[in-house]
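I need the structure of the sequence given here:
(2 chains, ligands or ions: 2)
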Amino acid sequence: MNVQMLKGTSQLIKIISRQHRFQIIAWLMGIVFVSLAVASSYQSVYQNESDKQGFALTMQNPAMVAMLGPGYEADEYLLTIGTQFAHEMLLFTLLAIAIMNILLVGSSTRTDEETGRTEVLRSLPIGRLSYLAASIIVVGCVNLIIALITGIGLHLLNIEGNTLESSILYGAILGLGGFVFAAITSLFAQITDSSRGTKGLAFGTLVIAYFIRAVGDVVDEKISFFSPLGWLLRTDVFINNYWWPIVISSIFSIVLIIITFYLNSIRDLNSGFLPTRKGRTNASSMIKSILGLVYHLQRIKIIAWGIGIFALGAAFGAVMGDMEKYFSDNEFVQMMLAQMGDFSITDQFISMLMGIMSLISVIPVIMTILKLKSEENHYRTEHFYSRAISRNRVLGSFTVLAIIESIIYLMLLALGLWLAANTMMENPISFATIMQSALVYLPAMFFMIGVTVFLVGFAPKFTSVIWLYFAFCYVAVYVGGLLNFPEWIMYLSAFELIPKVPGEEVDIQSLFLLLVLFIVFLFIGFKGYNKRDIAG
Amino acid sequence: MSLVEVKGLTKKFGKYKALDNVHMEINEGEIYGFIGPNGAGKSTTIRILLGMLKATSGEVKIFGNDAWEDAVEIHKYLAYVPGEANLWPNLTGGEVIDIFLKMRGNGSKNKRDELIERFNLDPTKKCRAYSKGNRQKIALISAFASDAQLYILDEPTSGLDPLMERTFQECVLEVKNEGKSVLLSSHILSEVEKLCDTISIIREGKVIETGTLNEMRHLTRTNLHVQTKQPLPSIQHMKGVHHVDNHSDGVSIQIDSEELGTIIKFISDFGILKLESTPPTLEDLFLRHYENSNSVASTGGRGI
Ligand SMILES: Nc1ncnc2c1ncn2[C@@H]1O[C@H](COP(=O)(O)OP(=O)(O)OP(=O)(O)O)[C@@H](O)[C@H]1O
Ligand SMILES: [Mg+2]
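Numbering: from 1, shown residues only, chains lettered A, B, ... in the order given. Ligands and ions are numbered 1, 2, ... in the order given. Purely as a prediction, here's the structure:
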């Protein structure tokens, strides 16, 4: 490769890391902090043999394997609590770090190109590949730092039976897992011609990778090898410490990056490799209404998330047949179940699954409202407001779309779960139970819509606060119990206020409280939006 | 009747005063030019007229209604063209024009197709694929295809080629002939000079000059080029004379328009062979204002 093509990379590294510094620091601290905090919490909880055995049993049931990965042999949970930690945390931390990489690479490649920043820089004496090289180096460093701090931190926590090698390996899995998705995203940034397309394809790949791994881990291990997540979970970290998944991931990312550089060097600025088609001369009557237009602008995102949520629901539903068998064959579990009365494992699983899936489903719903802010940032809301369209109508259309979306996602989730569970289980769960356990989360979703509308209307500079709140809700659901969060902190998360159905009684009061808060936030948001300056 | 009435308009962004006591009045059938250096506050004024920004103080009325409170009602009879048309990348030009017309509620399909023809636009392309000038055409077509009383144009021709620029000027004049009003903010002074009845110059948030081009010219200097039989004595010291340049074929002088008569009388005694007078262009006017803002003392002459 010609050295001239990389001229100026070091200056660009400074520019890119400066531009994204807050984002980088937030992600870095979030991932490292949660990992280390959870690891140290395991240490402080004294577990006897049967506790550990119980843990092994729960974690090895097929539903858990589908959700969290294959885990370890039963006796390996007794050797070190590192195994418990890794099984519970590794995959979801990998997902978080993959999302970070997709967002960072997406915005430091395609977004910058789309907004014309790359064009300005390319007109300077700067090599053709420098921008790409700089953004890959920046995310590479971020991943490296996360890997090192997590690895060394885990070692310093001095968890019993935990060697330096295994701690470093755990960090390396995170760092390289992130880098694999950085490479995938940078490749998509060459192929598509928009940042939306790039991020969309990359997130799609992440979901499919998770999906293939889930199926593979339950059905046949060979299938898992088609997914980067599948092979990254096979290091047997804290026990055998295999390094080959690290080697494979490195080779895989390097190959992708070489292809990316090649494509970048032969393509035109602002273009991709997917063809653009000729469009319509006239607008259909659907997109001539505001709600129709607002939907049209986001339909690909909405449909893709709908399919993804349905498929995830179905995947977990399919596993429930296996889970049923697993528990009925197991004497130990039978005994435990007898003690718990009519509170069944499947019920528990469904309510836990809904807790996490409803949080995932709220992501596209929040994005729908934030789209209005992004339209304003791109000077496109002036098209509404210079014409005979009121602010209430525009904000109202985004809100209505988000509300419809939240209902549809939860219904798709329940439907997917029920359809698959029904075909796989001997004693199927009733459709009404599953639908109820999903829809009970609607008030929490509405609450999130309310807060987002409030931010867009009243505090437009701080809209990203909603993602911090989202991250908090996620941590609360996922590891809040492990980290011993006090009750009042847990209840700051709207999703914790939702009764765990089936199993718990439906608590009308907290649902009602969320709905009232939703309406209050909505009201203030609309008021603020009508009063504030519109930037463009 | 005045369609637009702005009185004592002030707009602050935090502590920064972007507009300071701005007055403006646009009458029916009038083309009103709005010029001023970058960052002077033109777009800010326009955004306030559109009800997108809220005035810090002052009165802003369009069609007799408050620009902020009654924005939606006003916009039924108002068309706006932004300086940079930011469009939805995945919609085609044709779709965008239709959507815009529907949002106003009174566009004409025939007018739309006719304008697409006149502006030579391919409406089947996705917006991301249009060049800058072509994106601008989309905004222009949707404005002129709608049946409005007032057209607000903020640097509407940025990126247009000269041929399209001419089509644009035709459109503006057609609209004027139908008795409608136009507010035209532009940096292309020849365009403003050609189209506008009234011109307003804004600088650092203050309107420093308003009037017809003729009124403004009256206040400024005329360029004279004279050739005389006998050499002219030094006239530098005379009242109203600025900038004397000696050329091989005569003398160029800048004169305050008010003193024109006295000076011509004086010169004519030296036997005029040739006398050319050029009225100041808008550009001269504008540059004088602009330079003043940079260094008030340097011109030495009477500030306008
Ligand atoms: N949202 C904002 N916050 C702070 N300052 C702003 C904001 N919008 C505009 N300004 C400032 O107000 C001033 C006037 O800006 P405006 O866009 O009205 O200028 P303009 O006359 O349209 O200039 P140009 O000819 O470059 O288009 C500028 O100094 C600008 O920086
Ligand atoms: Mg402007």
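
Quick check: which ranges of the stretch 201-304 of chain B have low pLDDT?
B:218-220, B:291-304 (pLDDT under 70).

Could you give the residue of it that lies closest to chain A?
B:Gly205 (16.2 Å; CB to the nearest CB). Yep, even glycine has a C-beta here, placed from its N, CA and C like the rest.

Let me see the backbone angles for that residue.
Dihedral angles of B:Gly205 (phi, psi; degrees, to the nearest 10) stand at phi 80, psi 0.

likewise B:Ile62?
According to degrees, to the nearest 10, B:Ile62 has phi -130, psi 130.

swap in B:Val6?
phi -120, psi 130.

what does B:Val81 give?
phi -120, psi 120.

got a list of what it touches?
B:136, B:139-140, B:143, B:151-154, B:156 (CB atoms under 8 Å, 6 or more residues apart in numbering or on different chains).

what sits against A:Ile191?
A:Ile191 touches A:201, A:263, A:272-274, counting by CB under 8 Å, 6+ apart.

List the residues that contact the closest residue to A:Gly71 other than its chain neighbours.
Closest residue in space to A:Gly71, ignoring its immediate chain neighbours: A:His87 at 4.3 Å, by CB to CB, 6 or more residues apart in numbering or on different chains. Residues near A:His87 by CB under 8 Å, 6+ apart: A:59, A:68-69, A:71-72.

do you know how far A:Ile173 is from A:Asn101?
Distance from A:Ile173 to A:Asn101, counting by CB to CB, to the nearest Å: 14 Å.

Revised request: answer the last question for A:Ser390.
41 Å.

okay, the two: which has more neighbours?
A:Asn101 (27 against 16; other CB atoms under 10 Å in any protein chain shown).

What parts of chain B come near ligand 1?
B:13, B:16, B:18, B:36, B:38-44 (CB under 6 Å from any ligand atom).

if we can go back for a sec, just the buried subset of the contacts of A:His87, please.
A:59, A:68-69, A:71-72 (16 or more other CB atoms under 10 Å in any protein chain shown).

filter the residues of chain B next to ligand 1 to the buried ones?
The buried subset of those - by 16+ other CB under 10 Å - is B:18, B:36, B:40-44.

Between the residues you listed, which sits nearest A:Asp268?
B:Ser43 (32.5 Å; CB to CB).

on that earlier part again, now the two most distant members of the buried ones among the residues of chain B next to ligand 1.
Top of the distance list for these (CB to CB): B:Ala18 and B:Gly36, 12.0 Å.

For A:Ala421, which non-adjacent residue is closest in space?
Counting by CB to CB, 6+ apart, the residue nearest A:Ala421 is A:Gly317, at 3.8 Å.

Helix or strand: which one has the one you found?
For A:Gly317, the element it lies in under DSSP states H and E is helix A:290-328.

and that helix, average pLDDT?
Averaged over helix A:290-328, pLDDT sits at 87.

Now do the SS call for the residue of the stretch 151-300 of chain B found nearest chain A.
At 7.8 Å from chain A, B:Ile152 is the closest residue in the stretch 151-300 of chain B, using CB to the nearest CB. Look at B:Ile152: counting by DSSP: H, G, I helix; E, B strand; the rest coil, its state is strand.

Check B:Glu174 too.
Once three-state DSSP is applied, B:Glu174 turns out helix.

count of neighbours near it?
Neighbours of B:Glu174 under the rule other CB under 10 Å: 11.

again, but for B:Glu114
B:Glu114, neighbours per other CB under 10 Å, totals 14.

How about the contacts made by it?
Applying CB under 8 Å, 6+ apart, no residues contact B:Glu114.

and the residue lying closest to B:Gly93 once chain neighbours are set aside, how far is that from A:Asn282?
Leaving aside its sequence neighbours, B:Gly93 sits nearest to B:Pro123 (CB to CB, 6+ apart; 4.6 Å). Distance of B:Pro123 to A:Asn282, given as CB to CB: 8 Å.

go on, A:Leu78?
Where A:Asn282 is concerned, A:Leu78 sits at a distance of 70 Å (CB to CB).

what ranges do the strands span in the stretch 101-250 of chain B?
With DSSP state E, counting those that start in this stretch as the criterion, the stretch 101-250 of chain B has strands at B:150-154, B:181-185, B:198-203, B:206-211, B:221-228, B:241-247, B:250-256.

what's the fifth one packed up against?
Translated: strand B:221-228. strand B:250-256, helix B:260-268, strand B:272-278 (3 or more CB pairs under 8 Å, 6 or more residues apart in numbering or on different chains; DSSP states H and E).

Now residue 61. Its backbone dihedrals?
Let's take chain A. Here A:Asn61 shows phi and psi, under degrees, to the nearest 10, equal to phi -70, psi 150.

Wait, chain B was what I had in mind.
Torsion angles, degrees, to the nearest 10, at B:Lys61: phi -120, psi 140.

In three-state terms, label the closest residue to it other than its chain neighbours for me.
Among residues not flanking B:Lys61 along the chain, B:Glu5 sits closest, at 4.4 Å (CB to CB, 6+ apart). What three-state DSSP gives for B:Glu5 is strand.
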